[in-house]
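*Asks:* I would like to see how this sequence folds:
(one chain, ligands or ions: 2)
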Amino acid sequence: MIDDTRPRESPVISTNGSPQLLPIDAIARTRAPAKLNLFLELVNRRDDGFHNIDTVMVPIDWCDQLQVTRSVDPGVRLSLDWLPSREIVAQRLQIENDPQREASMLSIPTDKTNLVTRALMRVAEVFELETGFDCKLLKTIPAGAGMGGASSDAASAIACAAKLISVSPRHPALIEVAAEIGSDVPFFLGLGSEPMSAIRATGRGENLAPVAMGGRLDFVVIYPSVSLSTAKVYAASQVPADPRNAADLVLSLANANHEAIEESMMNRLSHPARILAPQIDEIIESVWRAGCRTCQLTGSGSACFALVRSPVEARRLAKKLRASLRETAHPGGGAIVAATRTTRVPAIVSIH
Ligand SMILES: C[C@](O)(CO)[C@H](O)COP(=O)(O)OP(=O)(O)OC[C@H]1O[C@@H](n2ccc(N)nc2=O)[C@H](O)[C@@H]1O
Ligand SMILES: Nc1ncnc2c1ncn2[C@@H]1O[C@H](COP(=O)(O)OP(=O)(O)OP(=O)(O)O)[C@@H](O)[C@H]1O
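*Replies:* Ligands and ions are numbered 1, 2, ... in the order given. Next comes the predicted model:
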């Protein structure tokens with residue numbers, strides 16, 4: 001049976017106030033999309049160490065896969081692997097002969113520091129569940145890429161759990177859990193969005209407003225062989241004296257005006273990210289050499305993206321880039337290049 005996570009009017013809560021659980025053998029499956037920040041400005045630094053930001057994000061169809069089942073045993077167990085396989089991802093990044101870098105980039109924790117586990121533990125706590133969850137996460141979204149992979153996985157876990165316990169994913173307790181887990185999690189849960197819209201996030205990133213889009217956008221995303229810590233990039237950033245705002249981009253997205261979109265895209269975290277990871281400059285140069293002038297960092301990096309006019313152009317540029325990056329590659333200097341398009345959040349959850 002295929003169903004989706006669009007909110008129902010009210011949560012399905014039994015008369016005694018506890019959620020009605022689906023049978024223990026029910027399996028919830030979903031895809032967790034990555035995101036790109038088309039615009040990211042730092043407005044000011046807050047007393048709690050975070051920054052108020054003005055950002056416009058779009059979900060893209062570069063996805064992790066998540067499966068969640070309820071288990072009789074309390075607690076959360078997570079198994080994780082890379083698609084198509086850890087070895088192939090390591091080869092693409094040219095880190096297969098460097099065990100230290102391979103481990104630092106591809107060993108994602110499966111303990112309670114994984115955002116999937118953290119999110120599900122909080123859901124079990126908040127709804128006082130006596131049962132637990134077993135999960136299987138298949139990663140394709142690189143970590144430390146600024147593509148929001150961990151946040152999206154957490155949002156997907158919340159959406160799957162909501163389905164398994166028959167609670168709306170917009171239940172206030174789940175919204176609270178999402179915001180607590182990370183700044184980008186509410187966005188991936190589809191809060192503040194409309195199908196196929198972009199989202200403008202302000203405050204710490206938790207105030208969400210839909211941004212109309214005149215059409216789907218196509219991108220080539222390039223992940224250089226380096227992970228960046230979001231906290232370190234923010235720590236090395238500088239708030240400008242006169243911050244820009246996303247109004248021009250919002251207008252150009254509504255009009256689907258590609259030139260205007262290109263002109264109004266920016267990311268204030270580019271400068272600190274490029275200093276922390278010089279590989280980003282190599283990627284931007286390769287994109288320029290391939291004839292595309294719009295390459296920009298997403299989030300806190302290290303992934304970059306180029307906006308293109310069509311899926312055909314995206315595939316053509318991706319192919320050209322893969323070839324040129326192979327030619328100029330040095331040991332440890334690989335990259336993952338993908339042609340991708342905007343998609344919708346929340347992702348659809350199917351029950352089996
Ligand atoms: C770069 C973005 O991805 C843009 O969408 C987000 O701002 C980051 O979102 P996230 O990865 O969910 O980040 P969080 O886990 O909430 O924060 C990680 C760290 O980044 C810094 N941080 C994060 C968000 C924010 N608005 N200001 C910050 O200064 C803080 O030091 C924080 O401890
Ligand atoms: N489910 C998960 N997938 C990937 N990394 C995870 C996950 N849970 C926890 N982590 C930890 O979070 C770190 C970074 O996560 P993530 O990839 O989302 O950051 P990012 O690429 O900087 O994205 P963003 O800053 O846009 O949220 C990883 O290094 C990893 O140790």
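*Asks:* would you say Asp153 is within a helix?
*Replies:* Yes - under DSSP: H, G, I helix; E, B strand; the rest coil, Asp153 falls within a helix.
*Asks:* Contacts only, for it.
*Replies:* 32, 64, 66, 114-116, 137 (Cβ atoms under 8 Å, 6 or more residues apart in numbering). C-beta here means a position set from N, CA and C on the backbone, and glycine is covered the same way.
*Asks:* 7 Å instead, please
*Replies:* The contact partners of Asp153, taken as Cβ atoms under 7 Å, 6 or more residues apart in numbering, are 32, 64, 66, 115-116, 137.
*Asks:* for Thr294, same thing?
*Replies:* Contact analysis of Thr294 by Cβ under 7 Å, 6+ apart lists 262, 265, 306-307.
*Asks:* Please apply the same query to Cys304.
*Replies:* Taking Cβ under 7 Å, 6+ apart, we find Cys304 in contact with 222, 280, 283-284, 295-298.
*Asks:* Tell me the secondary structure at the residue of the stretch 251-352 of the chain found nearest ligand 1.
*Replies:* When scored by Cβ to the nearest ligand atom, the stretch 251-352 of the chain has Gly299 as its residue closest to ligand 1, at 3.5 Å. Recorded secondary structure, Gly299: coil (three-state DSSP).
*Asks:* Could you tell me how many residues sit around the closest residue in space to it that isn't next to it in sequence?
*Replies:* Ranked by Cβ to Cβ, 6 or more residues apart in numbering and with sequence neighbours excluded, the top spatial neighbour of Gly299 is Gly146, at 2.9 Å. For Gly146, the neighbour count with other Cβ atoms under 10 Å is 28.
*Asks:* Spell out the secondary structure type for Gly146.
*Replies:* coil.
*Asks:* Let me see the contact set for it.
*Replies:* 297-303.
*Asks:* As CSV, the contacts of Cys304 with neighbour count and distance to Ile53 would be great.
*Replies:* Putting the contacts of Cys304 into CSV (neighbours: other Cβ atoms under 10 Å; distance: Cβ to Cβ, whole Å) gives the following:
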residue, neighbour count, distance to Ile53
Ile222, 25, 23
Ile280, 23, 20
Ile283, 26, 23
Ile284, 19, 22
Cys295, 20, 21
Gln296, 20, 16
Leu297, 29, 14
Thr298, 29, 14
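*Asks:* now, which of these sits nearest ligand 2?
*Replies:* Of all these, Thr298 has the smallest distance to ligand 2: 7.2 Å, by Cβ to the nearest ligand atom.
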